[in-house]
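Generate coordinates for the sequence data below:
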Amino acid sequence: MKMIPNINCYRKDLIPRDLDMSCAQNVKVDAVFLSHAHMDHVGNVGLLDVNIPIVSSQMTAAILKGMMDLGHSQMGLEVAYAVPRKASEDDGRIIETEHYKKASFIRDKLDFEFKAFEGDHSMYGATAYAINTPDGWIVYTGDLRLHGRFKDKTEKFVREAKSLDPKVLII
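Reported below is the predicted structural model:
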C-alpha cells in the first residue's frame, strides 16, 4: 500500500507469507538515531529488524518504554522491546501476536564514532547527534528551540557542532 518505504530492513515476523519482498530495495542500516520520543520522530521504528541498534538518550528510552508499558501494543511503536508475531495457522496472510514480551537485541558498541548533544525541546531527553563518516561529520539537529528552560544546551550544541566543521547538516 506504499505506506512505508519498500526496503529490506523490516522485522521478518511482520511480513505476511503472500507479500513478495523480492523487489524491496537493499539498504544497510548501521543504527537508527532517535532525537526524542515524539511520535513524528519514532513512529514505525518498531517495524524495523530488531537487530538494528536504536540510539537514544536514556530519558528517551525510558519514556518510550513507559509509553509501551502503559499503552496498547502497536507494531510501529514497539521501540523499547518487540512483541514477536507469527503467521496464523488458519491463514498465513494474517499475522498474530504470540502474547509475550521479548527484549530487543542490545548492542554494546557501535562500529562508528558519534557524539550526542542534549538540547532544549518540549520533550525531555531531546538529543542532537553528530556521526563521523569517512567523508566528514554529519550533524542531525532533531527538533531545536531556543526559548525554553534549557536553551543554553541548544546553544552549546550549536557551538560544538560548528567546531566539527560538518559536511552535512540535517535539520
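
If I look at K167, what pLDDT would I see?
We have a pLDDT of 98 for K167.

in the sheet, who's paired with the residue lying closest to it once chain neighbours are set aside?
Leaving aside its sequence neighbours, K167 sits nearest to G136 (CB to CB, 6 or more residues apart in numbering; 3.4 Å). Where C-beta positions appear, they are placed from N, C-alpha and C, glycine not excepted. Beta-bridge partners for G136, by DSSP bridges, are T133.

measure G136 to L110 for me?
Distance from G136 to L110, counting by CB to CB, to the nearest Å: 18 Å.

With S57 instead?
To L110, S57 is 15 Å away according to CB to CB.

between the two, which one's more packed in?
More neighbours surround S57 than the other of S57 and L110, with 20 against 12 (other CB atoms under 10 Å).

correct me, but that one touches G125?
Yes - at 4.3 Å, S57 counts as touching G125 under the criterion of CB atoms under 8 Å.

Need the overlap of contacts for these two.
Listed as contacting both S57 and G125 by CB atoms under 8 Å, 6 or more residues apart in numbering are H36.

How is this protein divided into domains?
With domains defined by automatic domain parsing, the chain comprises 8-19+28-108, 112-171.

Least reliable of those by average pLDDT, please.
The stretch with the lowest mean pLDDT among the domains of the chain is domain 8-19+28-108, at a mean of 77.
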